[in-house]
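Participant: just a sequence and a predicted model for now, questions to come.
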Amino acid sequence: MAYKLIDTTLRDGEQAPGVSFSLKEKMEIAALLDEAGVQELEIGTPIISDKEEKDIKALIAQGFRFDSTCWARANRADLEASLRTGAKRINISFPVSAIHLASMNKDRSWLMQTLQTMMKEARERFEFVSVGAQDASRTDQTFLNDFISQAINLGADRIRLADTVGIMNPLSTAEMFKRYKELCNGVELEFHAHNDLGMATANTLVALQSGATCVSLTVNGLGERAGNAALEEVVAALHYSVHQNNRINLETCTRLSSFIEKVSGRKNSVSKPIVGERVFSHESGIHCRSLINDPMSYHAFNPNDIGQNSRFIIGKHSGSAVIQSVLSEVGVHLSKSESQKVLDAIKEREKSLNGEVDKDELFAIYKQLFN
């Protein structure tokens, strides 16, 4: 299956409230995405400000390997701003649902006329034109069919269907993309997922398996409200669950994740899939004993693949095997009964003080018991 992963961290990711990247930070994000092998970046919205337009122009002039696409509303000013950046590709977003049209005091007649006007101008000025159906997941199916058919007839290179408020589920996503795969008939078909109900990654995978040829993602799922489908999660899921080589370097994605945490001010949960700082940590005695014998016994994939290592946490759920293993690293070799004494002391400690025991404290407990 041929498909394209599009990163929109510099556009939709930066729309997360309170997030704003400097040009230096944008350059580093773009460089890491390029290094990771991402094929296309939605590089920003030029109409936001003169500075944004200049930043996008500078990013495009840098000559990265990925394709650069500007995001625009359906009006002439946005097209002009995108053109001034030197971009050869544009994604024009149209409000297609009844609720979005009403919120803008527009109707379907305006939408179809504007589509025709914008497509004529965009086709004359850009090499690649994507038509975005904003709030497609809440749009009447018959009308959405008409909108997509008209966009294709007018020369759209790509149709982008957005689950703008994140209400879709894997079943409804599969149904949508099976339907529009036939209608698009060779025209690129993109899915843009939001994570309001926690299903953005799952919906994105299903879209790719059901007819989508492109999906847009952000590092760490950064974005408005609950965010977007996370680049690192989709890349890992494609590789380890769907077993498709997507040519994206996951180790670089983890560096990207740390950098985005820093510059966005948005800290990941310690248990966030793939990149959370504790997703390869284990305390349960049963788990740790198995992991000592086989590192893959309780991992979906080898942490080394993304530059990480599994880690044993010493606490009240630990077993004697992990006590033996951790102390052996500092040259202390205990019998099973001796390690059980250490473990009993740790559990007694837990009655008065919750939390993990670090290596230094573990060694101190051992010395207290046996010296």
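Facilitator: Received, thanks. No experiment lies behind these values; they were computed from the predicted model shown.
Participant: longest single helix anywhere in this structure?
Facilitator: Ranked by residue count under DSSP state H, the longest helix found in the chain is helix 108-125.
Participant: contact partners of it?
Facilitator: Residues from elsewhere that reach helix 108-125, judged by C-beta atoms under 8 Å, 6 or more residues apart in numbering: 74-76, 79, 83, 90, 92, 94-96, 101, 129, 131, 143, 146-147, 150-151, 154-156. Backbone N, C-alpha and C define where each C-beta goes, glycine included.
Participant: sheet partners, orientation included, of the helix or strand containing L217?
Facilitator: Using DSSP states H and E, L217 falls within strand 214-217. Within its sheet, strand 214-217 is paired with strand 4-7 (parallel), strand 188-193 (parallel), according to DSSP bridges.
Participant: what's next to that strand, contact-wise?
Facilitator: By C-beta under 8 Å, 6+ apart, strand 214-217 touches 3-8, 12, 40, 42, 158, 160, 188-193, 204, 207-208, 228-231, 234.
Participant: which element follows that strand toward the C-terminus?
Facilitator: The C-terminal neighbour of strand 214-217 among helices and strands, as given by DSSP H and E, is helix 231-240.
Participant: shaky segments in the chain?
Facilitator: Where the chain drops to pLDDT under 70, the residues are 1, 285, 350-355.
Participant: can you give me the strands for it?
Facilitator: Remark: strands assigned in the chain by DSSP state E are 4-7, 40-44, 67-73, 89-95, 128-134, 158-163, 188-193, 214-217, 281-282, 311-312.
Participant: still on that earlier bit, what angle do strand 67-73 and the longest helix of the chain make with each other?
Facilitator: Relative orientation of helix 108-125 and strand 67-73, computed by axes from the mean of the first three to the mean of the last three C-alpha atoms, to 10 degrees: 150 degrees.
Participant: tell me which residues in helix 108-125 are buried?
Facilitator: 111-112, 114-115, 118-119, 122 (16 or more other C-beta atoms under 10 Å).
Participant: stretch 12-20 now?
Facilitator: Those would be 12-16, 19, for stretch 12-20 by 16+ other C-beta under 10 Å.
Participant: in helices, which of the contacts of helix 108-125 fall?
Facilitator: The members of the contacts of helix 108-125 that map onto helices under DSSP H are 76, 79, 83, 101, 143, 146-147, 150-151.
Participant: closest one of those residues to L250?
Facilitator: Checking the ones in helices among the contacts of helix 108-125 against L250 by C-beta to C-beta gives A151 as the nearest, at 34.7 Å.
Participant: quick one: contacts for the residue nearest to P273 when sequence neighbours are not counted?
Facilitator: Closest residue to P273 apart from its sequence neighbours, by C-beta to C-beta, 6 or more residues apart in numbering: E233 at 5.3 Å. Residues in contact with E233 (C-beta under 8 Å, 6+ apart) are 201, 221, 273-274.
Participant: can you list the residues you listed in JSON lines and add neighbour count and distance to N105?
Facilitator: Shown next, in JSON lines, are the contacts of E233 (neighbours: other C-beta atoms under 10 Å; distance: C-beta to C-beta, whole Å):
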{"residue": "T201", "neighbour count": "23", "distance to N105": "35"}
{"residue": "G221", "neighbour count": "29", "distance to N105": "32"}
{"residue": "P273", "neighbour count": "16", "distance to N105": "41"}
{"residue": "I274", "neighbour count": "26", "distance to N105": "43"}
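Participant: and of the residues you listed, the nearest to G315?
Facilitator: Relative to G315, the closest of those is P273; by C-beta to C-beta it sits at 22.7 Å.
Participant: quick check, the closest one in contact with F280.
Facilitator: No. Between P273 and F280 there is no contact under C-beta atoms under 8 Å: 11.3 Å.
Participant: still on that earlier bit, most tightly surrounded among the strands paired with strand 214-217?
Facilitator: Highest mean neighbour count of these: strand 188-193, a mean of 26 (counted as mean count of other C-beta atoms under 10 Å).
Participant: how about that one as CSV, C-alpha atoms only?
Facilitator: Only the C-alpha atoms of strand 188-193 are listed here, as CSV (Å, rounded to 0.1, in the frame of the first residue of the first chain):
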residue,chain,number,x,y,z
GLU,A,188,-5.3,11.4,-3.3
LEU,A,189,-7.5,11.0,-0.2
GLU,A,190,-6.4,12.3,3.1
PHE,A,191,-7.7,11.9,6.7
HIS,A,192,-7.2,14.6,9.3
ALA,A,193,-8.1,13.2,12.8
